[in-house]
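# compute the structure for the input listed below.
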Amino acid sequence: MLFTLSWCFSVAAQPNTPAEDEHARLLTGKRRSLIVYAGADHSFTLEPPAHLAKPSDVPGFITIDKQIVQATVIPGDKNADLRGMTPDRERELLLKFMNDELDYYRKKLRQRYSHLQTEWVTLQGRQFLVWYFETPKNEKLISRQVYVSTLFFGRVVDLNAPIFKTDDWGRARGILMRLAGTMKIYDKQLDLPALSRKL
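Predicted structure coming up:
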């Protein structure tokens, strides 16, 4: 079952070298939880509801209020300088990322999708591309996939959630949007043990 789940959950989980696609991890404490990515030069945190977040049974995933989610850092345009970038250029790069991922999903994984939809959302001054699609009706496990993507120092942070029942779609999207709205960026590598002690 794990093999089936691994391709369904994340278009972003492409078979690159281990240093390229990296998952953020969940830190839990007595008072709160954080989803953290600690890169060599840049880091970010997302804050889920403390009592609703826990590690998933599937490696690389987190469960928030019974919804499986993933936060992945994916290679993007390494020459992209966000400080001087226009909103139109950000949109262009995020759409290119989405199309590359969908191309991989269709051609390399040989999976079909339909009813692709996109929307733009700005949260705390940061632009996010929300994109989602349906999987084939004969797919027994996943009915739909939803992604929330944003630029991150020449890379892309991609939040995603598989939707098992069609009527869970709004709830899954809401969880990802709430997470995206808590995103904090740091121009340094975060010290995970020290951060854990503060939770």
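# point to the residue nearest the middle of this structure.
Among the residues of the chain, the one closest to the centroid is Leu159, at 1.5 Å (CA atoms, centre = their mean).
# where along the chain do the helices fall?
Counting by DSSP state H, residue ranges of the helices within the chain are 2-9, 87-107, 169-180, 192-197.
# that older thread, mind listing the residues bridging to the residue nearest to the centre of the chain?
Beta bridges link Leu159 to Ala71, Val148 when assigned by DSSP bridges.
# need the contact list for it.
When contacts are counted by CB atoms under 8 Å, 6 or more residues apart in numbering, Leu159 is found next to Leu46, Val69, Gln70, Ala71, Tyr147, Val148, Ser149, Leu176, Leu179, Ala180. Glycine gets a C-beta too; all of them are placed from N, C-alpha and C.
# export these to CSV and tack on distance to Gly84 and pLDDT?
Shown next, in CSV, are these (distance: CB to CB, whole Å; pLDDT from 0 to 100):
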residue, distance to Gly84, pLDDT
Leu46, 26, 96
Val69, 32, 94
Gln70, 30, 94
Ala71, 26, 95
Tyr147, 26, 96
Val148, 24, 97
Ser149, 21, 97
Leu176, 28, 96
Leu179, 27, 96
Ala180, 23, 97
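# show me the shaky parts of this structure.
1-21, 78-82, 138-140, 166-167 (pLDDT under 70).
# and stretch 74-91, how far apart are its ends?
One end of stretch 74-91 sits 16 Å from the other (CA to CA, to the nearest Å).
# adjust the sequence numbering to begin at 737 for everything that follows.
With the count now opening at 737, the last piece we talked about shows up as stretch 810-827.
# residues of it that come out buried?
By 16 or more other CB atoms under 10 Å, the buried positions in stretch 810-827 come out as Ile810, Pro811, Gly812, Ala816, Glu826.
# what of stretch 906-923?
Quick answer for stretch 906-923 (16+ other CB under 10 Å): Ala908, Arg909, Ile911, Leu912, Met913, Leu915, Ala916, Met919.
# quick check, nearest of the residues you listed to Leu926?
Met919 (13.5 Å; CB to CB).
# for the closest one, give me its contacts.
Contacts of Met919 (CB under 8 Å, 6+ apart): Phe780, Thr781, Leu782, Leu859, Gln860, Arg862, Thr886, Val893.
# before we move on, back to that, between the contacts of Leu895, which is nearest Ala776?
Distance to Ala776 across those (CB to CB) is lowest for Ala807, with 17.7 Å.
# residue contacts, the closest one?
His759, Ala760, Ile771, Tyr773, Leu782, Ile798, Val893, Asp894, Leu895, Leu915.
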